[in-house]
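> Need a 3D model of the following:
(chains A, B, C and D)
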There are 4 protein chains.
Amino acid sequence: MLIQASSYFEMQTTCLVPGIFMVRPRSAPNQVIMEEKFSFTPRVKGNDYIDGYGNIAMRLLIPEGDSTLESSVIAECTETIEVNMDAAYVPIELLPDNVLQFLLPSRYCESDKVTDIATAITGGIQPGYAQVECIRQWVHTNFTRQYGTTNSTTSALDVLHTRMGVCRDFTHAAIALCRNLDIPARMVAGYLLGLDPMDLHAWFEAYVGDRWYTFDALMDQPMGGRIVMAYGRDAADVAFASHFGNVVFKKMIISVKEVT
Amino acid sequence: MLIQASSYFEMQTTCLVPGIFMVRPRSAPNQVIMEEKFSFTPRVKGNDYIDGYGNIAMRLLIPEGDSTLESSVIAECTETIEVNMDAAYVPIELLPDNVLQFLLPSRYCESDKVTDIATAITGGIQPGYAQVECIRQWVHTNFTRQYGTTNSTTSALDVLHTRMGVCRDFTHAAIALCRNLDIPARMVAGYLLGLDPMDLHAWFEAYVGDRWYTFDALMDQPMGGRIVMAYGRDAADVAFASHFGNVVFKKMIISVKEVT
Amino acid sequence: MLIQASSYFEMQTTCLVPGIFMVRPRSAPNQVIMEEKFSFTPRVKGNDYIDGYGNIAMRLLIPEGDSTLESSVIAECTETIEVNMDAAYVPIELLPDNVLQFLLPSRYCESDKVTDIATAITGGIQPGYAQVECIRQWVHTNFTRQYGTTNSTTSALDVLHTRMGVCRDFTHAAIALCRNLDIPARMVAGYLLGLDPMDLHAWFEAYVGDRWYTFDALMDQPMGGRIVMAYGRDAADVAFASHFGNVVFKKMIISVKEVT
Amino acid sequence: MLIQASSYFEMQTTCLVPGIFMVRPRSAPNQVIMEEKFSFTPRVKGNDYIDGYGNIAMRLLIPEGDSTLESSVIAECTETIEVNMDAAYVPIELLPDNVLQFLLPSRYCESDKVTDIATAITGGIQPGYAQVECIRQWVHTNFTRQYGTTNSTTSALDVLHTRMGVCRDFTHAAIALCRNLDIPARMVAGYLLGLDPMDLHAWFEAYVGDRWYTFDALMDQPMGGRIVMAYGRDAADVAFASHFGNVVFKKMIISVKEVT
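Presented below is the predicted three-dimensional model:
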């Protein structure tokens, strides 16, 4: 299916502020970028680079005063995501080299501190996909989606106590729990068709069987219609907008729809 | 300035043919991609990857029968290219690590076999930018642009004898001569505003002073208005279309214009 | 100067345990590896790979029962480290692309949560090297080196409260404070000549002026005689030994000496 | 098995000459580096870097006058190489992204110009390993090993006419023929136990079935006991010693033996 997604940001600053934006889609399995647009008003000279995870990041100086960033993408993606309860746990010695880093704890996924809860949730479950799905369901069931309960410093450990947050927090919690079981897990930032209310979205992938599988702790059911914008260890790596100075985001409009 | 460039290919095959297309623009100094489109008809599942030079390559199976590929890009680029006759030769021990590979001979740039001519052309010239410009002018002056005189197996050595060819051949000759003087040189595939007749274009960059400078052996004067699509050692690395099987390119339309 | 450093580990396990060891030296500015040895007894088949930071990591299965790992390195390194109080803060828009990642918070360096203390320590100090040195001295003066007060889950935030720990903790605290000021900082794992008591060591580098400078919050004075083994965001990235299962380290001997 | 290999070069120059040496072993499947030494006399400050193929290259300025370079390596490697006549040709659309580059023609392997001979040799042979082995045997049988018949500018096309050369030339010819059949092939520089007369050695790998297989056109029989030093497209990428200026190699001693 073809999906068109777009982001529109209105920003205001009182001085030049360095910013890094991950609003340019990247290559990913099951995803082909068919069209992409990017504009910043007033026009500023930016430049993009590929980060250590293969994401395309755009650097620019956000100008003083008002500015807007618009980006849109049309991608061919899959209507469904694969579910495979039999995908087995991969012994660490058999993991590809570049997957190993996703076993490590990271800023917002303190996997080294969630042993009790990971063990409790997944007791008796078959190692691999079934464990990940069990974690995903547990987070989905036990967490409440509520804007304003968390902020950019909130970590998995925090929300495993409060059990409230947004997609980012659900995802951090699930990733921390997976890594605690020695299952590689990475964060995905992107767009999801049908998300309600519509917003930028975050979900995760876990490496079981012989590849990365998609999981989304916010949603009831496995759903396709996703455009991957960035991969990383956690939200520190995949922020849509990082800015080093004060920026007021006055308006943000996200739109995702199917096109033909 | 903003430039829009587009490519349109009509292809015909009698069976499925694997193809690799470098029609997606990449990041480059002095270039920001503002909009990009890609479509293939009939729709086929492709996937893109970043090659060893940072280029974005699209892999797909060209379907049996007729098919078309369209791509377009709008990029912010510079109106002029920098000319700096004083940019000095960089001693090899001071070159950045990742520049060293562009000193090596390559398939179409047999720099190890052009010592006599490189020495003859640049005798007495100050090492560095001035040598490269001297080579560029020599190729420009002594070569005749003529379609049909060369093909995909033609190398610098070949055209240094015939002195006829297209932009690709001019570029190969210039690169081979630069490398022979231990000046790193790389091929650029892309679009040039105002090229006449309009076509896909190739030029080169040489590393002198403290960075890569742009040179174009086909043109009289230094001109900006360029969109870089791919970098590489020579045409083997940066082909717009590589196909592994018979494909008839029935039609090819290239367009480059300034937009606002 | 030439330095020889060696590590000897005795391990014991009750089953096969996957392990990743960063005991193979890597290239670094001011460091040339002249000799390197690695042995594991009983012999096991390992394989090494280059991680995302350019470190050489050795993967192997630690066998059941007793085993030993020995590694040694002779490197040419500098007797002193450069001190440059005038090296200025680098505006973020001028940082090299691959340095940007070292501005981000990481598992053990919660730079997003140390604003108060970073501001208090460096008030009135000239942005850049002087700030980093001020932070380094503050940590050095206010922290007590004491084994057994911290463990592998201890982070900068933790030790900024307790102000006790080992080189790893001193380093995490300093890195978090630097990043809070938008100064890129990375952790270094390696060997230091003259460290007393001798041990594996950790220090940090900060990017100011036009390059990475070396800092060591554990030491009184700037000292050379260092062999870099690994770079990373924090201890999660640069552990000498990571193991996924129970391993008892029965003995560990580290030796560092000057040779001729 | 454990193999120790060493190189000793005596060089003489009349001025400082930049050099790049690939004498530090690299990681490879079936190979673990256990010990490595490198020394240059008189002592000079070098620095190493990882090239685009993952090889470790050492850059240094060869001093005026006499100098010597010694390097040695002990590696765990396999006694045999795997032979698998049934490993099938891999359709291009199924090749891993990073293997595709080894389909391209390169400086010394003009695969785009050897269609007639490639077709003639492999007519009727099952696509894949069997074709590669057929090519390898054909080169082995039809080429004569003779020092002094080729030099550093000799390419596959050249030796396919003369049918004389050294391991480097045998390898170039075989690689060009493989690539002509759309089989990825890469050059390997390294050491071979039992080579007679002992020398630096070059062989090749072809990608068939699901991985790279080892082939050696110089040898009668499949033999293990190999230490891989560098991979590349051809000799341009994997030269043990590249120097940019005149260097007389007065003596070169290569030694390879089994150790315990």
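> separation between A:Thr153 and A:Val247?
17 Å (Cβ to Cβ, to the nearest Å). Every residue, glycine included, has its C-beta placed from N, CA and C.
> and the nearest residue to A:Met219 once chain neighbours are set aside, backbone torsions?
Distance criterion Cβ to Cβ, 6 or more residues apart in numbering or on different chains; nearest residue to A:Met219, sequence neighbours excluded, is A:His140 at 7.4 Å. Torsion angles at A:His140 (phi, psi; degrees, to the nearest 10) stand at phi -60, psi -40.
> Then the one 4 residues further on?
A:Thr144 has phi and psi values of phi -110, psi 130 when expressed as degrees, to the nearest 10.
> quick revisit: what about the residue nearest to A:Met219, how many neighbours?
For A:His140, the tally of surrounding residues (other Cβ atoms under 10 Å in any protein chain shown) stands at 17.
> next one: A:Ala206
Counted with other Cβ under 10 Å, residues neighbouring A:Ala206 total 27.
> hey, where'd the strands end up in the stretch 51-200 of chain A?
Counting by DSSP state E, counting those that start in this stretch, one finds strands in the stretch 51-200 of chain A at the ranges A:56-62, A:65-76, A:144-145, A:164-165, A:185-192.
> Give me the sheet partners of the next helix-or-strand element following the last one and which way each runs.
Looking back up the chat, that one is strand A:185-192. Proceeding N to C from strand A:185-192, the next assigned helix or strand is strand A:201-208, under DSSP states H and E. The pairing partners recorded for strand A:201-208 under DSSP bridges are strand A:185-192 (antiparallel), strand A:211-215 (antiparallel).
> which of the ones you listed is buried the deepest?
Comparing the strands paired with strand A:201-208 by mean neighbour count (mean count of other Cβ atoms under 10 Å in any protein chain shown), strand A:185-192 comes out on top with a mean of 26.
> Okay, now the unreliable bits of the stretch 1-150 of chain A?
Residue ranges of the stretch 1-150 of chain A with pLDDT under 70: none are present.
> Which positions in it make contact with chain D?
Within the stretch 1-150 of chain A, no position is near chain D by Cβ under 8 Å from any Cβ of the partner chain.
> element containing A:Ile254, please.
Per DSSP H and E: A:Ile254 is located in strand A:248-259.
> which parts of that strand are buried?
A:Ile254, A:Val256 (16 or more other Cβ atoms under 10 Å in any protein chain shown).
> residues making contact with it?
A:1-13, A:66, A:74, A:191-195, A:198-200, A:225, A:227, A:241 (Cβ atoms under 8 Å, 6 or more residues apart in numbering or on different chains).
> Which strands border it, and is each parallel or antiparallel?
If you go by DSSP bridges, strand A:248-259 pairs up with strand A:2-13 (antiparallel).
> in its sheet, what does the next helix or strand after the partner strand sit against?
Beyond strand A:2-13 in the direction of the C-terminus, DSSP H and E gives the next helix or strand as strand A:17-24. Applying DSSP bridges, strand A:17-24 is found paired with strand A:56-62 (antiparallel), strand A:241-243 (antiparallel).
> So which of those is nearest A:Pro184?
Taking Cβ to Cβ, strand A:56-62 is the member of these nearest to A:Pro184, at 22.7 Å.
> circling back to that earlier point, and the residue nearest to A:Met219, what does it touch?
Listed by Cβ under 8 Å, 6+ apart, the contact set of A:His140 reads A:Phe170, A:Ala217, A:Leu218, A:Met219, A:Asp220.
> and what of A:Val114?
The neighbours of A:Val114, taking Cβ under 8 Å, 6+ apart as the test, are A:Ala156, A:Leu157, A:Leu160, A:Ala176, A:Leu177, A:Asn180.
> how many other residues sit next to the nearest residue to A:Ser111 once chain neighbours are set aside?
Closest residue to A:Ser111 apart from its sequence neighbours, by Cβ to Cβ, 6+ apart: A:Arg179 at 3.6 Å. By other Cβ under 10 Å, 26 other residues sit near A:Arg179.
> roughly how far apart are A:Arg179 and C:Ala236?
From A:Arg179 across to C:Ala236, the span is 11 Å (Cβ to Cβ).
> overlap in contacts of the two?
When contacts are counted by Cβ under 8 Å, 6+ apart, A:Arg179 and C:Ala236 are jointly contacted by A:Leu104, A:Pro105.
> give me the beta-bridge partners of A:Ser67?
On the basis of DSSP bridges, A:Ser67 is bridged to A:Met11.
> Which one of A:Thr153 and A:Val247 is surrounded by more residues?
Neighbour tally, A:Thr153 and A:Val247, criterion other Cβ under 10 Å: the higher count belongs to A:Val247, 17 against 12.
> Around chain C, pick out the residues from the stretch 1-150 of chain A.
Selection of the stretch 1-150 of chain A residues close to chain C by Cβ under 8 Å from any Cβ yields A:18, A:20, A:49, A:51-52, A:57, A:59-61, A:91-93, A:97-98, A:100-101, A:103-107, A:109-110, A:112-113.
> now those residues: which count as buried?
The buried subset of the residues of the stretch 1-150 of chain A next to chain C - by 16+ other Cβ under 10 Å - is A:18, A:20, A:49, A:51, A:57, A:59-61, A:92-93, A:97, A:100-101, A:103-107, A:109-110, A:112-113.
> Around chain B, pick out the residues from chain A.
With Cβ under 8 Å from any Cβ as the criterion, chain A meets chain B at residues A:24, A:27, A:29, A:32-39, A:43, A:45-50, A:54, A:56, A:76.
> Quick check: A:Ser155 touching A:Cys109?
Yes: the criterion here is Cβ atoms under 8 Å, and A:Ser155 meets it with A:Cys109 at 7.3 Å.
> show me what contacts A:Thr150?
Counted by Cβ under 8 Å, 6+ apart, A:Thr150 has contacts A:Asp158, A:Val159, A:Thr162, A:Met164, A:Gly165, A:Val166, A:Arg168, A:Asp169.
> how close does the closest residue to A:Phe215 other than its chain neighbours sit to C:Pro105?
Nearest residue to A:Phe215, sequence neighbours excluded (Cβ to Cβ, 6+ apart): A:Arg136, at 4.8 Å. From A:Arg136 across to C:Pro105, the span is 25 Å (Cβ to Cβ).
> now swap in A:Val248 and tell me
Noted for A:Val248: a distance of 22 Å to C:Pro105, by Cβ to Cβ.
> same question, A:Tyr191
25 Å.
> One more: A:Ile117?
To C:Pro105, A:Ile117 is 23 Å away according to Cβ to Cβ.
> ok, A:Leu103 touching A:Val90?
No: A:Leu103 is beyond contact range of A:Val90, at 10.7 Å (criterion: Cβ under 8 Å).
> picking up where we left off before, so how do I select the buried members of the contacts of strand A:248-259 in PyMOL?
Those of these that count as buried under 16+ other Cβ under 10 Å are selected in PyMOL with:
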select buried, chain A and resi 3+4+5+6+7+9+10+11+13+74+191+192+193+195+198+200+225+227+241
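> So which residues of the stretch 51-200 of chain A form helices?
A:115-122, A:129-142, A:156-162, A:167-180 (DSSP state H, counting those that start in this stretch).
> Of all the ones you listed, which one is nearest C:Tyr231?
Among the helices of the stretch 51-200 of chain A, the nearest to C:Tyr231 by Cβ to Cβ is helix A:167-180 (22.0 Å).
> tilt between the closest one and strand A:201-208?
Angle between the axes of helix A:167-180 and strand A:201-208 is 10 degrees (criterion: axes from the mean of the first three to the mean of the last three Cα atoms, to 10 degrees).
> what about helix A:167-180, average pLDDT?
Taken as a whole, helix A:167-180 has a mean pLDDT of 98.
> How far away from the center of its chain is that helix?
Centroid displacement of helix A:167-180 relative to its chain, using Cα atoms, centre = their mean, to the nearest Å, is 11 Å.
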